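Enquirer: what would the 3D arrangement of this be:
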Amino acid sequence: QVQLVESGGGSVQTGGSLRLSCAASGYTTNDYCVGWFRQFPGKEREGVAAITVNGRTSYADSVTGRFTISQDNAKNTLYLQMDSLKFEDTAMYYCAAGRSFCGLLAFTFPYWGQGTQVTVSS
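Expert: Next up is the predicted model:
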């Protein structure tokens, strides 16, 4: 059974950094596409970053140059390094995994974590 558990969220000031982690079990990260999504209150989940089994990454325009997705296959853990955080990055962040199309479309990912809150204040 695939399970994803996020951690690392919290409160930070504008311009600060956070690193989110997603511990995966029930599969190996180098067999699945994995990604990070975020959800603002009252909005649909939007893709933030994804990484393919070959290590190819994709990012939403709003985070390109500020966020970095990576994974440690030995630890079966996915990361999202978030730098230069802005107020508008405040959201619930989720990691997700799947074996079909690997991009930033939430509906292509069948497995989800419970989310971790990121709050950026000025």
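
Enquirer: point to the residue nearest the middle of this protein.
Expert: Centroid check for the chain by Cα atoms, centre = their mean gives Trp36 as the closest residue, at 2.1 Å.

Enquirer: tell me the helix or strand right after the helix or strand that that residue is a member of.
Expert: Following DSSP states H and E, one finds Trp36 within strand 33-39. Next along the chain after strand 33-39, taking DSSP H and E as the criterion, comes strand 46-51.

Enquirer: contacts for that following strand?
Expert: By Cβ atoms under 8 Å, 6 or more residues apart in numbering, the list of residues contacting strand 46-51 from outside reads 33-39, 57-60, 63, 67-71, 78, 80, 93, 102-106. Placement of C-beta: from N, CA and C, glycine included.

Enquirer: quick one: whichever helix or strand comes after it to chain centroid distance?
Expert: Going down the chain from strand 46-51, the next helix or strand is strand 57-59, by DSSP H and E. Offset of strand 57-59 from its chain centre (Cα atoms, centre = their mean, to the nearest Å): 11 Å.
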